[in-house]
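In: Got a sequence here, can you model it:
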Amino acid sequence: MDCLFCKIVAGEIPSAKVYEDEWVYAFKDISPIAPVHYLFIPKEHLSGASAVNEENAAIVGKIFTAIAKVAAQEGLASGYRVITNCGEDAGQTVPHLHFHLLAGTKMGWSSESGV
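Out: Residues are numbered from 1 along each chain as shown. As a prediction, the model looks like this:
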């Protein structure tokens, strides 16, 4: 499989790891849009949110558990945002389910805020 994130999980492409367990791998985004910008991915390949089904839905809970652990370790008590994009029109550039953890700045909803 020629998946960028699968290659990162396999150690074929270097990354700045921030978390890893049996199911989840997290690393710093190489093009951050916030002072804290991490990507959380399942180690198992899923193409995106639309590929989540009854058989594999537990992985989403594992990812959110990992996000909560990292947020606590990083001291993000003032808040953080978790985003996933599904499909090209939504901005998904890597076809592997992933969640962006953004923090370290006051965020708004307008495009002017940058996040």
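In: When you work out contacts or count neighbours from here on, use the C-alpha atoms and nothing else.
Out: OK.
In: what about the longest strand along the chain, distance to the chain center?
Out: If you go by DSSP state E, the chain has its longest strand at strand 36-42. Relative to its parent chain, strand 36-42 has a centroid offset of 3 Å by Cα atoms, centre = their mean, to the nearest Å.
In: how about the helix or strand following that strand: buried residues?
Out: For strand 36-42, the succeeding helix or strand toward the C-terminus, using DSSP states H and E, is helix 58-73. Going by neighbour count (16 or more other Cα atoms under 10 Å), the buried part of helix 58-73 is 59-60, 62-63, 66-67, 70-71.
In: go on, stretch 33-50?
Out: 34, 36-49.
In: what do you get for stretch 80-97?
Out: Those would be 80, 84-86, 94-97, for stretch 80-97 by 16+ other Cα under 10 Å.
In: For these, which two are the farthest from each other?
Out: Greatest spatial distance among the buried residues of stretch 80-97 (Cα to Cα): Tyr80 and Pro95, at 23.8 Å.
In: pLDDT below threshold where in this protein?
Out: Along the chain, segments meeting pLDDT under 70 span 1, 110-115.
In: Disregarding residues adjacent in the polypeptide, which is nearest to Val18?
Out: Among residues not flanking Val18 along the chain, Phe27 sits closest, at 5.0 Å (Cα to Cα, 6 or more residues apart in numbering).
In: and the one you found, what does it touch?
Out: 15-19, 38-40 (Cα atoms under 8 Å, 6 or more residues apart in numbering).
In: Also Thr84?
Out: Counting by Cα under 8 Å, 6+ apart, Thr84 has contacts 49, 92, 97-100.
In: Kindly provide the distance from it to Gly91.
Out: 9 Å (Cα to Cα, to the nearest Å).
In: and if you look at Lys17?
Out: Counting by Cα to Cα - Lys17 and Gly91 are separated by 23 Å.
In: One more: Asn85?
Out: 6 Å.
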